[in-house]
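Peer 1: How does the following fold in three dimensions:
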Amino acid sequence: MQFRVIEKGAYGTAETPKSAVTVTKGDKESTIRLDLGMRPTGGWSIEPLSVSAEGGVVTVTAKVNAPPGGSIVTQAFTAPFAVIAVNAKPAAVRWVDESGNLIAEWK
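Peer 2: Numbers count the residues shown, from 1 in each chain. Model (predicted):
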C-alpha cells in the first residue's frame, strides 16, 4: 500500500512517555499519526518505512531512531512524531518496528 509522509518532527504534543497511534478518517484518505511519546533528550526520530493492509487492519512499519550512545544531544524534552496519509479507511492500525514488534495500536 502506498503512503506519503505529511510531517515529521521532534516536538509533538505527547505528554507521557507512552507511544500512541491516532487516526483521522477522511473522504479520500486517512491520516495516521505516530507519536513516540516524551523523551528526555533530542536525537530521537520516527522514519515510516512501509504500510500494508489486511482485513481492515493497516500495519505501519517504522524505524525508531535513538541518539547514539555518548553523543551530544539537546537536553530538552522532545516528543518525536510522524504523520502519514494512506488511501484507506482502517478499522484498526498497528505500528510495528522493523522486526515486527508492536509499538502501539489504534482500534
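Peer 1: For the residue of the chain most remote from its centre, which three-state class applies?
Peer 2: Among the residues of the chain, the one whose C-alpha is farthest from the average of all C-alpha positions is G70, by Cα atoms, centre = their mean at 25.3 Å. Applying DSSP: H, G, I helix; E, B strand; the rest coil to G70 yields a three-state assignment of coil.
Peer 1: That one and G43, how far apart?
Peer 2: When distances are taken as Cβ to Cβ, to the nearest Å, G70 and G43 turn out to be 11 Å apart. In short, each C-beta sits where N, CA and C put it, glycine included.
Peer 1: what's the answer for S30, then?
Peer 2: The separation that S30 has from G43, given Cβ to Cβ, amounts to 30 Å.
Peer 1: what do you get for R4?
Peer 2: Noted for R4: a distance of 25 Å to G43, by Cβ to Cβ.
Peer 1: Give me the local confidence score for the one residue sitting closest to the centre of the chain.
Peer 2: When Cα atoms, centre = their mean is applied to the chain, the residue found nearest the centroid is L34 (2.5 Å). The predicted structure scores L34 at 98 on the pLDDT scale.
Peer 1: In three-state terms, label it for me.
Peer 2: Per three-state DSSP, L34 ends up strand.
Peer 1: Number of residues surrounding the residue nearest to it when sequence neighbours are not counted?
Peer 2: Counting by Cβ to Cβ, 6 or more residues apart in numbering, A82 is the residue found nearest to L34 once chain neighbours are left out, at 4.8 Å. The tally of other residues near A82 (other Cβ atoms under 10 Å) stands at 22.
Peer 1: Helix, strand or coil: sort out A82 for me.
Peer 2: Using three-state DSSP, the secondary structure recorded for A82 is strand.
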